[in-house]
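Participant: generate coordinates for the sequence data below:
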Amino acid sequence: MNADYNAICTFLYHEARLLDDRQWDEWLALHAEDVEYWMPAWDDDDRLTEDPQSQISLIYYPNRNGLEDRVFRIKTERSGASMPEPRTCHAVQNVEVLDDRGDAVDVRYNFHTLSHRYKATDEFFGTMFVTLRRVEGRLRIARKKIVLKNDYIRQVIDVYHV
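Facilitator: Residues are numbered from 1 along each chain as shown. Okay, here's the model as predicted:
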């Protein structure tokens, strides 16, 4: 893909802005049809779970259908966990291109999200491992693995928290 660092950073910043601005359809459009979206959990030995099919995950969607359902529920107020929608502020930091395979590029970056709801502000932070590929001339997220590093989460975690 001949990774263009500035284009990659611009894409990641744009994704964060769409989440903060609650532009769900536009955010969803950034994901390839076959995207795998996964947030593994920490096990009792302080290791990440490795298999979303047989171990617990905080979030797991094997393709875009799961993300589409999630966005539908958020937009139509059919998600009690998302009502009222929190106000968020995403920060994307330390963007690093790990591998450029020609048709796809693997990127690692850190995130810090502030989420405000019910007069309380929560923080979520961690590392993203994202595979981007060009689909019809545009970058799309083909895979996203989210390593949430918070030790304690006092609420239901959702796509807008990360």
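
Participant: pLDDT weak spots in the protein?
Facilitator: 1-3, 77-84 (pLDDT under 70).

Participant: what segments of it are helices?
Facilitator: Along the chain, counting by DSSP state H, helices occupy 5-20, 24-29, 64-75.

Participant: so can I have TSV of those showing distance to Thr49?
Facilitator: Where you see a C-beta, it was placed from the backbone N, CA and C, and this is true even at glycine. Shown next, in TSV, are those (distance: least, Cβ to Cβ, whole Å):
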stretch	distance to Thr49
helix 5-20	24
helix 24-29	26
helix 64-75	18
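
Participant: Phe125 is nearest to which of the ones you listed?
Facilitator: helix 5-20 (13.4 Å; Cβ to Cβ).

Participant: pull out the buried positions in that closest one.
Facilitator: For helix 5-20, a neighbour-count test (16 or more other Cβ atoms under 10 Å) marks 8, 11-12, 15-16, 18-20 as buried.

Participant: same question for stretch 86-99.
Facilitator: 86, 88, 90, 92, 95, 97.

Participant: show me the residues you listed that map onto strands.
Facilitator: Among the buried residues of stretch 86-99, DSSP state E puts 88, 90, 92, 95, 97 in strands.

Participant: and of the buried residues of stretch 86-99, the nearest to Asp122?
Facilitator: Pro86 (8.2 Å).

Participant: got the contact list for the longest strand along the chain?
Facilitator: With secondary structure taken from DSSP E, the chain has its longest strand at strand 120-135. If you take Cβ atoms under 8 Å, 6 or more residues apart in numbering as the criterion, strand 120-135 is touched by 1, 8, 11-12, 32, 98, 103-116, 139-150, 153-155, 157, 161-162.

Participant: so the residue nearest to His161 when sequence neighbours are not counted bridges to which residues?
Facilitator: Counting by Cβ to Cβ, 6 or more residues apart in numbering, His161 lies nearest to Phe124, which is 4.8 Å off, once chain neighbours are set aside. Beta bridges link Phe124 to Thr113 when assigned by DSSP bridges.

Participant: begin at 45 from here
Facilitator: All set: I'll call the first residue 45, so the last point we hit is now Phe168.

Participant: burial measure for Phe168, as a count.
Facilitator: 20 (other Cβ atoms under 10 Å).
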